[in-house]
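*Asks:* How does the following fold in three dimensions:
(one chain, ligands or ions: 1)
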Amino acid sequence: MGAVANGNGERDGRKEEEEEEEIGFEELGVDPRLIRALSKKSITKPTPIQREAIPLILEGKDVVARAKTGSGKTFAYLLPMLQKLFSESGSRKTAPRTFILVPTRELCQQVYNEASSLLEFCRVQLKVVQLTASMPVADMRTALAGPPDIVVSTPACISTCMSKGVLQTSNIKDSLSLLVLDEADLLLSYGYENDLKTLIPHVPRRCQCLLMSATSSSDVEKLKKLVLHNPVILTLSEAGHSDDIIPKTVQQFWISCSAHDKLLYILALLKLELIQKKVLIFLNSIDMGYRLKLFLEQFGINSGVLNAELPQNSRLHILEEFNAGLFDYLIATDDGQTKKEQTSKENHIQSRYSKKKLRQKLDAEFGVVRGIDFKNVFTVVNLDMPQSSAGYVHRIGRTGRAYNTGASVSLVSPEEEEIFEEIKLMFGDDEKQDSSKSIEPFPLLTKNAVESLRYRAEDVAKGVTKVAIREARAQDLRNEILNSEKLKSHFEVNPRDLDLLKHDKLLSKKAPSSHLREVPEYLLDPTTKEASKILKLSRAAMKIDTKKRRPGFKKGFGRSRDPLKTFSAEEKSHKGEKRRKDNDEVIKHKKKKAKQGM
Ligand SMILES: Nc1ncnc2c1ncn2[C@@H]1O[C@H](COP(=O)(O)OP(=O)(O)OP(=O)(O)O)[C@@H](O)[C@H]1O
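*Replies:* Sure thing, here's the model as predicted:
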């Protein structure tokens, strides 16, 4: 293999994608122990960014790697990093040999888990620790005693360790051999510039530096200049090629509706089963998140809530439960918005609270969207549109990870049209473009179907008052603070026990009424009913396909056979034909499977 450098000295991975499909981890020079560990995780073939980055990192090059969300950047640096540490093991050091710096605690935990599980499978004695801002200095000292081989941390914790004398700068100079800045496009916007500037002067010149990011930005450029020496730049997605930023396996849809009708529309989507589970629903404010939860509960739909206000242990546990499939709907208020909310709160109530208190209340190191590896999320819903096109990319990137298929549905009110236009422009969304790259109108929901639910939805929505939301938010926080303590001690002993506390419990004071759980037949619009039926049928077939799918590989139901793409709610006259076609698909698929001896 060999990467091709373009005129700017940058390598364009796209050409190689096709040529190098067949290259395995062995050909990249990955240690057999790591290959075995990967196969235990059902990972058998490197992704394009892994194919490009691993040999360069093993060679000792500084690398800037830009690749789309969910493309496997974590293993792209973890594998060669661990391999290098394997070969150096036994050499005595006075400080950690590698730092992995990430912008949020959630990412700290995620990267720590990935590194620990690889090491466990490899049965190699390397010590990996994570540092978080909430740790008392004594705990930091304990964690760094030894010293560990790998430290996963936010930049703020490292600079705290340095200022408190827990990490000696001279020792860092002696020992540090590899520095990774993961999600580099976010490190500066999370306010870590000064922390990084505290560390950088003590990073020895011989230390290899890696910079990973999903998007390119001036911040990435700034970091590149600050930290790296003559790096190789790998570009597997670029701001100029936004079609590559969202995986091609993710279909994007939108629905136009008023802000007032958003609850009605999400109810229709979920209750009529027009979108596939698991579903991640994004909103822009914590209160709206609780409003949605209370509203859905009345219709028998349970969901979890994730926001910056909840304690860290609870947040991590909510993510673990959702990833493990303990509940299907997660309502998230994302980090950018939370920060905004925090700022406006700070402005408004500065006289009553100190800034410090507010910062404690909303965790500054919280990041639900960026880089978090949600498992098996099929649909991302923007119930509120994000405030920037980058926010859109990161939200949608939570589905379609590692080449799985996925979909997104954005509910766009007239007030959000401006940002929606900006997002569409990013995709070059005009008639001339290939429609596979654009955001299309959601085809499965008719006006009639929505209207049939209006009375019930508006009646229930009226009952979700501001007081009810405030109480639910406070109650959830109280519950989770208690949970957080229990979780902390419990997980020290049983790290894998997920069932202790459920995070999708009801918050409504009013018990959900049984008559709202089911949508009666007479309310159902025939066209939507038909769409819902066809979807179920086709998904049953898709599932047969998914089970057999090799990890990191997609085949089978392409766009032409996907019901979301092929069904049009307006095409009533073709109903019978469509049903026949979809039945044919199921039968054809079953025959194929039977042939394969399944
Ligand atoms: N070679 C591979 N084959 C199949 N799955 C993989 C492979 N490498 C990584 N994965 C899986 O892909 C998912 C996404 O990987 P990862 O979180 O590293 O993506 P990312 O590029 O860092 O995304 P983001 O920019 O959103 O942080 C993970 O669940 C990971 O286990």
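*Asks:* For T154, see how far away R315 is.
*Replies:* Per CB to CB, to the nearest Å, R315 is found 15 Å from T154. For every residue, glycine as well, the C-beta is placed using N, CA and C.
*Asks:* quick one: the helices in the stretch 251-400 of the chain?
*Replies:* 262-271, 286-297, 312-323, 335-348, 355-361, 389-396 (DSSP state H, counting those that start in this stretch).
*Asks:* Comparing those by mean pLDDT, which bottoms out?
*Replies:* Of all the helices of the stretch 251-400 of the chain, mean pLDDT reaches its minimum on helix 355-361 (a mean of 39).
*Asks:* S116 and G60: what is the separation?
*Replies:* 25 Å.
*Asks:* Report pLDDT for the nearest residue to F322 once chain neighbours are set aside.
*Replies:* Leaving aside its chain neighbours, F322 sits nearest to L330 (4.9 Å; criterion: CB to CB, 6 or more residues apart in numbering). We have a pLDDT of 95 for L330.
*Asks:* Run a quick neighbour tally on the nearest residue to I275 once chain neighbours are set aside.
*Replies:* Setting aside the residues directly before and after it, I275 is nearest to T379 in space (CB to CB, 6+ apart), at 4.4 Å. Neighbour count of T379, defined by other CB atoms under 10 Å: 25.
*Asks:* So which bits of this structure are right by the ligand?
*Replies:* By the rule CB under 6 Å from any ligand atom, the part of the chain lying against the ligand is 43, 45-47, 50, 67, 69-75, 214, 371, 373, 397, 401-402, 551-552.
*Asks:* thinking again about what came up before, so what sits opposite the residue nearest to F322 in the bridge?
*Replies:* L280, G304 (DSSP bridges).
*Asks:* any idea how far it is from the ligand?
*Replies:* Distance of L330 to the ligand, given as CB to the nearest ligand atom, to the nearest Å: 16 Å.
*Asks:* got it, and L411?
*Replies:* From L411 across to the ligand, the span is 23 Å (CB to the nearest ligand atom).
*Asks:* tell me the contacts of V64?
*Replies:* Listed by CB atoms under 8 Å, 6 or more residues apart in numbering, the contact set of V64 reads 184, 210-211, 213, 220, 224, 228, 231-234.
*Asks:* now swap in T379 and tell me
*Replies:* Taking CB under 8 Å, 6+ apart as the test, what T379 contacts is 275-280, 399, 406-409.
*Asks:* So which of those residues sit within strands?
*Replies:* Under the assignment DSSP state E, those contribute 279-280, 406-409 to strands.
*Asks:* Buried ones among those residues?
*Replies:* Neighbour-count burial within the ones in strands among the contacts of T379 applies to 279-280, 406-409; the criterion is 16 or more other CB atoms under 10 Å.
*Asks:* With pLDDT and distance to K447 as new columns, can those residues be given to me in CSV?
*Replies:* Converted to CSV, these look like this (pLDDT from 0 to 100; distance: CB to CB, whole Å):
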residue, pLDDT, distance to K447
V279, 95, 22
L280, 94, 26
G406, 89, 26
A407, 91, 21
S408, 93, 22
V409, 95, 16
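*Asks:* From K222, how far off is the residue of the stretch 201-350 of the chain found nearest the ligand?
*Replies:* Ranked by CB to the nearest ligand atom, the top residue of the stretch 201-350 of the chain for proximity to the ligand is A214, at 3.8 Å. The gap separating A214 from K222 is 17 Å, by CB to CB.
*Asks:* swap in G146?
*Replies:* 33 Å.
*Asks:* Looking at those two, which is more packed in?
*Replies:* K222 (15 against 12).
*Asks:* Surely that one is in contact with L188?
*Replies:* Yes - between K222 and L188 there is a contact under CB atoms under 8 Å: 6.6 Å.
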